[in-house]
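Student: Model the following, please.
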Amino acid sequence: PIEATLDYLRFVLELAAEGRAAGLTPLEAAREADLGRFAGWPDAERIVGNLHRAYAELAGTPRGGPIEVAAALTDMVAYNGGRPLTCLA
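Tutor: Residues are numbered from 1 along each chain as shown. Take a look at the predicted model:
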């Protein structure tokens, strides 16, 4: 499980770098992404929150520093088709 988690984090960082370079928002990057082997993971909307974090850190926010939580949650709900978040992780 640890290696799978590390692979996912590397995937998120790569996706964030590509999305940011293309001028995409975290939500847009998530919607365009092929989640591949991570598509079946519970709480698929987590990708959006993770991208918000990665985008912030790429912009210079210190690791673990504050992000715009309301924007991240709003985008996560949008990615989830407007349904409430499940948070099974």
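Student: what is the mean pLDDT for stretch 34-51?
Tutor: What stretch 34-51 shows for mean pLDDT is 93.
Student: Touching the one helix or strand residue 11 maps to from outside, list them.
Tutor: Using DSSP states H and E, residue 11 sits within helix 2-21. Contact with helix 2-21 is made by 25-26, 28-30, 32-33, 36, 38, 41, 47, 50-51, 54-55, 58-59, as judged by Cβ atoms under 8 Å, 6 or more residues apart in numbering. Backbone N, C-alpha and C define where each C-beta goes, glycine included.
Student: run the last query once more with 10 Å
Tutor: 24-30, 32-38, 41, 46-47, 49-59 (Cβ atoms under 10 Å, 6 or more residues apart in numbering).
Student: Among those residues, name the ones in helices.
Tutor: 26-30, 32, 46-47, 49-58 (DSSP state H).
Student: need the contact list for residue 67.
Tutor: 26, 49, 52-57, 59, 61.
Student: no wait, residue 73
Tutor: Residues near residue 73 by Cβ under 10 Å, 6+ apart: 45, 48-49, 52, 85.
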